[in-house]
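Peer 1: what follows is a predicted structure for the sequence shown.
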Amino acid sequence: MAPNSSRRSGHSRRAQYSVFTGYLLAGIGALIGAGLLVISYWQPSAFADLRGAATDVAAPAGEGAAVVRGGSDSFWDRITAYYQAGQQNAALREEVEIARIRLAEAEAVEQENIRLKGLLGLSVTETEPVAVARLVGSSSTSSRRFAYLGAGRDDGVEIGMSVRSARGVVGRVLEVSRSSSRILLLTDSESVLPVRRATDETVAFAEGRGDGLLRIRLINLGINPLEVGDIFLTSGAGGYYRPGVAVAILSEKTNDGGIARLIADPSATDFVSVEPLWQPEAVESADTPIELELAE
């Protein structure tokens with residue numbers, strides 16, 4: 001009869017030794033584990049040195065992973081903080097500039113009140129606007145600098161009245177129709193505005209250059225006392241503008257004055273207020289009334 005080819009591994013002596021050895025090692029391991037468990041319950045501090053050595057071995061790897069996680073968080077935190085700080089700094093710069101303008105105007109009004117009270121016994125009060133309207137357009141393609149206002153004769157607007165925004169003077173009314181007006185901007189080459197420095201009585205003329213800037217020309221020639229950053233306000237001379245309203249900030253010093261940028265930029269202005277003539281009698285008695293500018 002042919003031998004059976006499907007013999008079990010137990011018939012092999014080598015396989016039997018292997019199974020026996022596996023069982024023996026498993027039993028020894030179980031005994032050792034049980035012994036260690038008993039020792040750990042009976043005397044927990046017995047394996048403190050072993051646990052400490054294992055912790056020392058694993059500590060560098062854990063520390064490296066913590067450094068990587070912390071560095072990643074710190075990197076993104078710095079980017080977020082930088083972006084937020086940029087927005088906050090821009091807002092704070094604008095607030096500081098507006099506060100500086102308001103402070104200069106307040107100081108100028110206080111000086112004007114003291115002077116008028118001492119000389120004439122009068123007190124200066126805030127002027128109520130004739131109308132509040134939106135700037136609806138400008139002469140962007142013309143060599144002249146005009147703007148158009150959405151208020152006219154029906155709203156009480158008259159030729160010569162000053163136009164200002166929340167930041168300062170924009171210009172004055174040049175032409176009036178029933179429901180709209182044309183404004184001569186301060187930056188127009190034909191615009192001349194009497195001004196004075198906010199910190200003292202240094203007087204000058206603010207002349208438009210037609211390029212968005214003003215030329216500050218001192219009346220008293222000699223040593224130029226102006227400094228970059230000086231704020232100029234309306235002086236009240238001429239009768240068109242009431243005194244103490246912000247006009248420009250000096251950005252460049254020249255021999256006879258300087259170059260200044262307009263505080264109330266018309267391109268960034270939405271709504272404006274129209275104020276009555278500061279001294280109508282002074283305007284009426286002037287040798288060159290404003291109507292002459294229309295003929296030019």
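Peer 2: Here it is on my side, so go on.
Peer 1: contacts, neighbours, all on C-alpha from now
Peer 2: Fine.
Peer 1: what's the domain layout of this protein?
Peer 2: Listed domain ranges for the chain are 63-120, 129-287 (source: automatic domain parsing).
Peer 1: for burial, what's the neighbour tally of residue 181?
Peer 2: By other CA atoms under 10 Å, 24 other residues sit near residue 181.
Peer 1: repeat that for residue 168.
Peer 2: 23.
Peer 1: could I get the pLDDT score of it?
Peer 2: pLDDT for residue 168: 89.
Peer 1: picking up where we left off before, least reliable of the domains of the chain going by mean pLDDT?
Peer 2: Mean pLDDT is lowest for domain 63-120 among the domains of the chain, at a mean of 67.
Peer 1: what are the boundaries of the strands in the stretch 51-200 of the chain?
Peer 2: 131-138, 146-149, 162-164, 169-176, 181-185, 192-197 (DSSP state E, counting those that start in this stretch).
Peer 1: out of the ones you listed, nearest to residue 225?
Peer 2: strand 192-197 (10.2 Å; CA to CA).
Peer 1: which other residues reach the helix or strand immediately after that closest one in the chain?
Peer 2: As assigned by DSSP states H and E, the chain's next helix or strand after strand 192-197 is strand 203-208. Contacts with strand 203-208, where a contact means CA atoms under 8 Å, 6 or more residues apart in numbering, come from 186-197, 214-220, 235.
Peer 1: and if we set it to 10 Å?
Peer 2: Residues outside strand 203-208 that contact it (CA atoms under 10 Å, 6 or more residues apart in numbering): 144-145, 185-197, 213-220, 232-235, 247-248, 256-260, 262.
Peer 1: any idea what residue 138 is bridged to?
Peer 2: With DSSP bridges as the criterion, residue 138 is bridged to residue 147.
Peer 1: residue contacts, it?
Peer 2: 144-149, 182-183, 185, 266-267.
Peer 1: how about a markdown table for those, with neighbour count and distance to residue 110 added?
Peer 2: Below are the contacts of residue 138 laid out as a markdown table (neighbours: other CA atoms under 10 Å; distance: CA to CA, whole Å):
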| residue | neighbour count | distance to residue 110 |
| --- | --- | --- |
| 144 | 19 | 36 |
| 145 | 24 | 33 |
| 146 | 22 | 33 |
| 147 | 23 | 32 |
| 148 | 21 | 33 |
| 149 | 24 | 31 |
| 182 | 22 | 33 |
| 183 | 25 | 29 |
| 185 | 27 | 27 |
| 266 | 24 | 28 |
| 267 | 12 | 31 |
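Peer 1: nearest to residue 134, of those residues?
Peer 2: Using CA to CA, the shortest approach to residue 134 within the contacts of residue 138 belongs to residue 149, at 6.0 Å.
Peer 1: name the nearest residue to the closest one, ignoring sequence neighbours.
Peer 2: residue 135 (4.7 Å; CA to CA, 6 or more residues apart in numbering).
Peer 1: kindly report the same for residue 249.
Peer 2: Nearest to residue 249 is residue 231, by CA to CA, 6+ apart, at 4.6 Å.
Peer 1: same thing with residue 213?
Peer 2: residue 261 (5.1 Å).
Peer 1: so that neighbour, which state does it fall into?
Peer 2: strand (DSSP: H, G, I helix; E, B strand; the rest coil).
Peer 1: ok, it to residue 215 distance?
Peer 2: Distance, residue 261 to residue 215, using CA to CA, to the nearest Å: 9 Å.
Peer 1: just residue 33 next, same as before
Peer 2: 95 Å.
Peer 1: these two - which one has more neighbours?
Peer 2: Taking other CA under 10 Å, residue 33 and residue 215 do not tie; residue 215 has more neighbours (25 against 12).
Peer 1: show me the contacts for that one.
Peer 2: Counting by CA under 10 Å, 6+ apart, residue 215 has contacts 187, 189, 192, 204-209, 248, 250, 252-254, 256-261.
Peer 1: measure it to residue 188 for me?
Peer 2: Relative to residue 188, residue 215 is positioned 11 Å away (CA to CA).
Peer 1: got any residues that touch both of these two?
Peer 2: Shared contacts of residue 215 and residue 188 (CA under 10 Å, 6+ apart): 207-209.
Peer 1: so which of these wins on neighbours?
Peer 2: Neighbour counts for these, by other CA under 10 Å, peak at residue 208, which reaches 24 neighbours.
Peer 1: ok, now which ones touch the spatially closest residue to that residue that is not a sequence neighbour?
Peer 2: Nearest residue to residue 208 in three dimensions, chain neighbours excluded: residue 187, at 4.0 Å (CA to CA, 6+ apart). By CA under 10 Å, 6+ apart, the residues touching residue 187 are 144-146, 170-171, 206-215, 261-262, 265-266.
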